[in-house]
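Visitor: Only the shape, not the letters, is given here:
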């Protein structure tokens, strides 16, 4: 007689069975192709409380169980000023999904709200700084964030449309302010749609960003609001109606850059012109 699985075991099973093709395989592919996890690593998996970071935590736990690579994991969550309900949601999700998270506090929400306007960039930089500092305190050499393929695509288009530059999001990078620390993105090849399907399949509920700017677009009539990233999401959604392969084409394009066709480009802060080799 087969033993009855716990809720957490069923969630874990869904990753490697039901969503093997759309989540588990792309996750493993990113870890292998971009050499994200290596022997001797101690990785701080950063949990924001949203669907992406929690899925990342579960994938990393599974990888630890089956991988021949010798690495350690710790799970950290920074509370930037969540209300009581959001904090409780995070704690309950981590408890039922058996994620041994360490929660530490900061005052980021109060600081960024005092800035006014739309301080999302400042908030992101401050969050990352606090996470690096906590990870280093715990003896880690890497932090893992839940950015996925859809984030990569959206960031690329946002750079083109609003920043007048071709700039992608790397699967890993060295910290500029914390020596010997790296940031890795193991969900780099996983589409957000698959993560949303996994969430619904397991009847999971997560917080979003939990700040007033997220509430603004969540409560708007079109579900987009004034967020540029939300505008890009809607654009991609519309383009998929015409070309179902639009996401994979954009993603593959940043792996297939033809520098010989560019007027100029920057590498390590130095600008180069096609005229140098003309």
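Guide: Sure thing, it's come through. Since the structure is predicted, the reported quantities are computational estimates derived from the model, not experimental observations.

Visitor: Can you give me the first-to-last residue distance of stretch 91-107?
Guide: The stretch stretch 91-107 measures 19 Å between its terminal residues, going by C-alpha to C-alpha, to the nearest Å.

Visitor: same deal with stretch 11-22?
Guide: Between the opening and closing residues of stretch 11-22 we find a distance of 15 Å, counting by C-alpha to C-alpha.

Visitor: Please apply the same query to stretch 241-256.
Guide: 24 Å.

Visitor: in that stretch, what counts as buried?
Guide: By neighbour count on 16 or more other C-beta atoms under 10 Å, the buried set for stretch 241-256 is 246, 247, 250, 251, 254. Using the backbone N, CA and C atoms, a C-beta is placed for each residue, glycine as well.

Visitor: Compile the residues you listed into TSV and extend it with columns for distance to residue 228, pLDDT and secondary structure.
Guide: Written out in TSV, the entries for those read as follows (distance: C-beta to C-beta, whole Å; pLDDT from 0 to 100; DSSP: H, G, I helix; E, B strand; the rest coil):
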residue	distance to residue 228	pLDDT	secondary structure
246	19	97	helix
247	18	97	helix
250	17	97	helix
251	20	97	helix
254	19	96	coil
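
Visitor: What segments of the stretch 51-200 of the chain are strands?
Guide: If DSSP state E, counting those that start in this stretch is used as the criterion, the strands of the stretch 51-200 of the chain fall at 72-79, 101-105, 142-144, 172-174, 182-184.

Visitor: export the ones you listed to CSV and tack on mean neighbour count?
Guide: Listed next are the strands of the stretch 51-200 of the chain as CSV, based on neighbours: other C-beta atoms under 10 Å:
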stretch, mean neighbour count
strand 72-79, 20
strand 101-105, 15
strand 142-144, 25
strand 172-174, 13
strand 182-184, 21
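
Visitor: how about those in a markdown table, adding mean pLDDT and distance to residue 53?
Guide: Output for the strands of the stretch 51-200 of the chain, formatted as a markdown table (pLDDT from 0 to 100; distance: least, C-beta to C-beta, whole Å):
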| stretch | mean pLDDT | distance to residue 53 |
| --- | --- | --- |
| strand 72-79 | 96 | 8 |
| strand 101-105 | 93 | 10 |
| strand 142-144 | 98 | 9 |
| strand 172-174 | 97 | 17 |
| strand 182-184 | 98 | 13 |
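
Visitor: Check the burial of residue 55 by counting its neighbours.
Guide: 27 (other C-beta atoms under 10 Å).

Visitor: What is the burial count for the closest residue to it other than its chain neighbours?
Guide: Of all residues beyond its chain neighbours, the one nearest residue 55 is residue 195 (5.6 Å), with distances taken as C-beta to C-beta, 6 or more residues apart in numbering. Residue 195: 24 surrounding residues under other C-beta under 10 Å.

Visitor: go on, residue 45?
Guide: Using other C-beta under 10 Å, the number of residues around residue 45 comes to 28.
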